[in-house]
Each structure stands twice: as C-alpha cells, then as structure tokens.
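1. Predicted model, plus sequence, below.
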Amino acid sequence: MEPDAQLVRLCIRGDGPSWEELVRRHTRRVYNLCYRFTSNSAAAEDLTQEVFVRVYRTLASYASAQGAFTTWLTSVTRNLLVDHYRRTRRDRLTDSIDAMPQFDERPSPARTPDRLAQASELSSQVQRGLLKLSPELREAVILRDLQGLEYQEIRTVLQVPEGTVKSRINRGRIELARILEEMGVRPA
Amino acid sequence: MRVSSRKWECAPLSGLSMDWPCTLTEERLSDVLDRLLLPAESAAFSAHASECERCTRLVSQVGGIVSQVRRLAAVDEPPFLASRIIAVTRGTAEPTARGLFGWSPATSLSRLAMGLVTVAATFLIVFHAAGSGTSGKFPFNPASLFRDANRRAHLTYARGIKFVNDLRVVYEIQSRLSSQPDPVLEPAPAPAPREGRPDSEASPTRQPIPSTHRAFRSASVFALLVFAGQTRNAPEGTPRSLP
C-alpha cells in the first residue's frame, strides 16, 4: 500500500498528524498546478486552500482502488480550477489585453544568481505562453509536462478518452512552441 | 483568449516514404517526443525525418521547448501556506507569535491600552460633535464642562419660556380681535328698514368672519412678534444672548 493511501486511511479515522503530513506533502504540487493555470500567486494560494478544504470534507470518498491519491487530488484541483475559470471569465473579458500579469515566482534558493535569473526569465516566458493557450490545451500541457502525469492519469483527471488527451497535449505543445518562438524563446 | 493554431508547412512528399507523410509528424508528434511509437512506426518516422528538413525542425523545436518546460523548477509555495491550510481545516493553528504570547500580561496590557485609546477617541468625537471644543479650551475640564452644560440648560429653558409667552400674546390678541367687528372686512350696520317693506329687500345681515381670514390675521401677528423679538435679542455682530 502506498504511503498516501495509508495516510488517507489514518485521516479518515481522525488522526490529525496524518492529515498534517498529507497536507505538507502535497501543498507544493497543488499550489504549482494552480499557479501554472492561473498565473496569479494570490489566486493560486486561495485555490490551494480551497482544494484542501474540499479534500478534507470529501476524503472518505477517495478509494485507493480507483487510482493514486495524487491523481484523485489532481482531479479535485482541476475541478476547482475549472470552477475558478468560469467564475473569473467576466473579469478576464474586461481586463485590458496589454495588462499582462506580473509573475512573482519564488524559485528555489539553492542556485547561482545567473542561473536563477535565467530560470526565472524562462519560467516567466513559459508562464505567459501557457496563459495564451486555451484552457483545454493549457491543462493538458501542464498536467503532462509540468506535473509529469502519465496519459492514463490525465485521462482519469480530465475524464476524456486517451485519444483526446493525446490530441490536446500534441496541439498544446505545438501551439506553445509557436507562441514561445514568437516571444523570442529559443529551444535549448 | 484562444490562439488560432497554425499548421506547420511541410515539404512535398516526392521521394519520401508513403508510410509516414508530413501530416502524420504533426499528428503523432507527442508520441515521437514521448517515445511511444511502435518499432515499425519509429523506423518509418526516422526514414522520413532524415529526408524532410521541415519535419526535423518541427520535432527539434517542439522537443526543445518541451524539455525546457519540463526542466522548470517548481514554484515555491508561500510560507506557512500548509500551516494555514491545516489551521483552516482542523481548527488547530500552528504556534505563532500571537499564539505563544497571547497569554502574557504585556499583550493584555497592550489590548487594554488600545481599548482605552478607543474610548477616549470616542468621547473626543462626541464632544466635538456637541460643540464643546469650539471655545479652544481643553474640552475635558470639569469646570468648563459644567459651565457649558449649565449654559445650555438655561438657554433651552429660556427659549421655551419665550415661546410660551409669545403664544400667550398671540392668543390674547386673537381673542380681542375676534370680539370686535372689523371695519375693513365687515361693513357698517345698515339703517333700519322702513316699515311696509318686505324683509327680502332689507340690507344684508352681518356675516361671520371666515376662518381663513382669522388664521391669516393670527399668523401675521405672530410673525410680527417673532420678528420683533429677533431684532431685539440679536444685535448685529454679536452672538445671540438670552432676553
């Protein structure tokens, strides 16, 4: 039995430290998924908290036989992201096209300043490119290339056939490459 | 905002293997990059890519971007986010500065001081609104507070007395006016009718004063009295004083 499933079982029994361990283990993953999708650190923070509140309330509905806990957690996160996207659709329509969001990423401190600056710049450019993708293509690329999920897991999260998953990832990658090329980003 | 997808232009298929057209490169690009092609498919693609510069460039470009994206470091979450989530979900906050020192006397004293300051500010606002601070003196001096309250009480009492007296004068004048005939509004009594003349040809009898006229007259008198009191009690350039 994987450690997450064991922790979930303990959580359902009311073990507080297990819940704390589960939260600390997956906070960064959920936050990154939210941040990559929204490009807004404050929104990502709120969404991350909302995700775990929902997970806390519905933890009993998770069945380890249906898949890994991370897949289930990603599904919950993705559903909330879709809700958030629908909620903020009107705000985005009224926003100015020129008003690009400022990315305030906090990269890991264990790197040299030059590499840190380059990585930060590249990360910002990729983030801008992701934001220009359609939500369907964006979530597929994020789940595959940033979250590292397998096709089968993405199919479970998105609840679409695997052919659709492949198609979205394919189109998303090509579109992202074209956007980044237009932005002057050259492949390594 | 949805970006329109641009199809990648490929070279003509002349001289290339028909098993792998250029359109297939775009369709199966993710399989190529993720190494999910079957051995036969992989061989066909390799044969095609060795002869098609555009497909080679497409795979190289998209593959480079994908590898860069995959190498991106995870963004650090805000500090204490996990602790806040745990606190929200379980209601047990992590020990923070406030939690550790919330019991200390210093914290209690600071809260007491904040409360006192709030109460003092409230009193200050109330006294300013009541007009106690217009004299320029310290508004919380007990002597000035008592003097001000005493002055206001006397002023209110005097105004009430004056109003009652004015009403009394108006009522008296109105009573006297209603008991006497009005030479303007009421005609003089007609001479006695001659004998033998029918009553129908006699002069009109005295009519009662209409109530609207009485009200108009009373209002005029009252307005005159009030105007006279105002001019007597309020000289130019001096604050209004008690009569």
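-> In hand now; what should we look at?
2. what pLDDT does residue 126 get?
-> Picking chain A for this. At A:Val126, the model reports a pLDDT of 87.
3. Can you look at chain B instead?
-> 81.
4. what about it, which SS state?
-> Three-state call for B:Val126 (DSSP: H, G, I helix; E, B strand; the rest coil): helix.
5. B:Asp19 too?
-> coil.
6. give the contact list for B:Ile125.
-> By C-beta atoms under 8 Å, 6 or more residues apart in numbering or on different chains, no residues touch B:Ile125. Using the backbone N, CA and C atoms, a C-beta is placed for each residue, glycine as well.
7. Any idea how far stretch A:49-57 is from the middle of the chain?
-> Chain-centre distance of stretch A:49-57: 15 Å, with C-alpha atoms, centre = their mean, to the nearest Å.
8. Now do the contacts for the residue in chain A positioned nearest to chain B.
-> As assessed by C-beta to the nearest C-beta, chain B sits closest to A:Pro187 within chain A, at 2.2 Å. Neighbour list for A:Pro187: A:177, B:60-61, B:63-65, B:67-68 [criterion: C-beta under 8 Å, 6+ apart].
9. what's the spacing between it and A:Glu136?
-> Distance, A:Pro187 to A:Glu136, by C-beta to C-beta, to the nearest Å: 24 Å.
10. that older thread, if you look at the contacts of A:Pro187, which of them are in helices?
-> A:177, B:60-61, B:63-65, B:67-68 (DSSP state H).
11. Show me where the chain has its helices.
-> All of this is about chain A. For chain A, the helices defined by DSSP H cover A:3-12, A:16-38, A:41-58, A:69-87, A:89-94, A:113-132, A:135-141, A:151-158, A:162-182.
12. actually it's chain B I care about, not the one you picked
-> Using DSSP H, helices in chain B cover B:22-27, B:29-33, B:39-49, B:53-71, B:81-90, B:97-101, B:105-130, B:142-179, B:211-233.
13. Quick check: pLDDT value at the nearest residue to B:Leu72 once chain neighbours are set aside.
-> With sequence-adjacent residues excluded and distances taken as C-beta to C-beta, 6 or more residues apart in numbering or on different chains, B:Leu72 is closest to A:Ser123, at 5.3 Å. pLDDT, A:Ser123: 82.
14. what's the burial count for A:Ser123?
-> The burial count assigned to A:Ser123 is 20, neighbours taken as other C-beta atoms under 10 Å in any protein chain shown.
15. Distance-wise, check it relative to A:Tyr35.
-> In terms of C-beta to C-beta, A:Ser123 sits 10 Å off from A:Tyr35.
16. Now that we have the contacts of A:Pro187, which of them are buried?
-> Listed as buried from those are A:177, B:61, B:63-65, B:68; burial here means 16 or more other C-beta atoms under 10 Å in any protein chain shown.
17. per-domain residue ranges of chain A.
-> Chain A is divided into the following domains under automatic domain parsing: A:1-96, A:110-188.
18. Kindly reformat these as JSON lines containing distance to B:Pro79.
-> Below are the domains of chain A laid out as JSON lines (distance: least, C-beta to C-beta, whole Å):
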{"stretch": "domain A:1-96", "distance to B:Pro79": "11"}
{"stretch": "domain A:110-188", "distance to B:Pro79": "16"}
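19. Out of the ones you listed, which gets nearest to B:Phe123?
-> domain A:1-96 (40.1 Å; C-beta to C-beta).
20. quick one: the closest one to chain centroid distance?
-> In terms of C-alpha atoms, centre = their mean, the centre of domain A:1-96 is found 10 Å from the chain centre.
21. so what are the domain limits for chain B?
-> With automatic domain parsing as the criterion, the domains of chain B are listed as B:22-71, B:141-183+B:207-235.
22. which of these sits most buried?
-> domain B:22-71 (a mean of 17; mean count of other C-beta atoms under 10 Å in any protein chain shown).
23. any bit of it sitting next to chain A?
-> Yes. Part of domain B:22-71 sits near chain A under the criterion C-beta under 8 Å from any C-beta of the partner chain, namely B:26-31, B:33, B:58, B:60-71.
24. quick revisit: identify the farthest-apart pair in the ones in helices among the contacts of A:Pro187.
-> B:Ser60 and B:Gln68 (12.6 Å).
25. tally of neighbours for A:Arg29?
-> 18.
26. Spit out the contact partners of it.
-> The neighbours of A:Arg29, taking C-beta under 8 Å, 6+ apart as the test, are A:70, A:73, A:147, B:74.
27. In chain B, where is pLDDT below threshold?
-> Along chain B, segments meeting pLDDT under 70 span B:1-18, B:91-110, B:130-140, B:180-218, B:221, B:224-243.
28. Residue of it nearest chain A, please.
-> Nearest residue of chain B to chain A, counting by C-beta to the nearest C-beta: B:Gly64, 2.2 Å away.
29. do you know how far that residue is from B:Arg168?
-> 104 Å.
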